[in-house]
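In: give me coordinates for this.
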Amino acid sequence: MAMKLFDAHCHLQDQRILDKAPQLIATAIEAGVVHFAVNGITEKDWHLVKEMSDEYCSVIPNFGLHPWFVGGKSDSWFNTLKQFFEANPSAAVGEIGLDKVLAPKGFNFTDQLEVFKKQLELAKELNRPASVHCIGAFPELLQIMK
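Out: Have a look, this model is predicted:
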């Protein structure tokens, strides 16, 4: 019996590989991957993740605002995010998190904390798993998780 694999974190909606996604998915399925957690990271790519999950039953959609993109969020980002979860009952929250090292210059860590907490509370409220990114902020992450 072949081993079944789950890709727990990928970005097949990334514009740099989007046109290759069908072949990547087919090749991975042939190799035993049965599901892909495709992590949305900005408001601009959530629709791509949804479209991919609609097209491929193997794609588990994840919607979240990645810490690198917190500074570019719209005023309605959270309502938009909630709408994606209402329309996608199997979706997880992600990729969300904290990053003090690789975040863009001039980032506001307080904003990251606020956005992360809000998304984590949503995951708890909706009883959804969360895909968490954390670099250089483990004390803060652990405190929030407690």
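
In: how long is stretch 7-19 from one end to the other?
Out: 19 Å (CA to CA, to the nearest Å).

In: flag every buried residue along the longest helix belonging to the chain.
Out: Taking DSSP state H as the assignment, the helix of the chain that covers the most residues is helix 109-126. Residues of helix 109-126 classed as buried under the neighbour-count rule (16 or more other CB atoms under 10 Å) are F109, Q112, L113, V115, F116, Q119, L120, L122, A123. Glycine gets a C-beta too; all of them are placed from N, C-alpha and C.

In: reformat these as TSV; add pLDDT.
Out: Conversion of these to TSV gives the following (pLDDT from 0 to 100):
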residue	pLDDT
F109	94
Q112	96
L113	97
V115	98
F116	98
Q119	98
L120	97
L122	98
A123	98
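
In: tabulate the residues you listed in JSON lines, adding columns for distance to H66.
Out: As requested, the buried residues of helix 109-126 are exported to JSON lines (distance: CB to CB, whole Å):
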{"residue": "F109", "distance to H66": "14"}
{"residue": "Q112", "distance to H66": "10"}
{"residue": "L113", "distance to H66": "14"}
{"residue": "V115", "distance to H66": "9"}
{"residue": "F116", "distance to H66": "10"}
{"residue": "Q119", "distance to H66": "10"}
{"residue": "L120", "distance to H66": "14"}
{"residue": "L122", "distance to H66": "15"}
{"residue": "A123", "distance to H66": "15"}
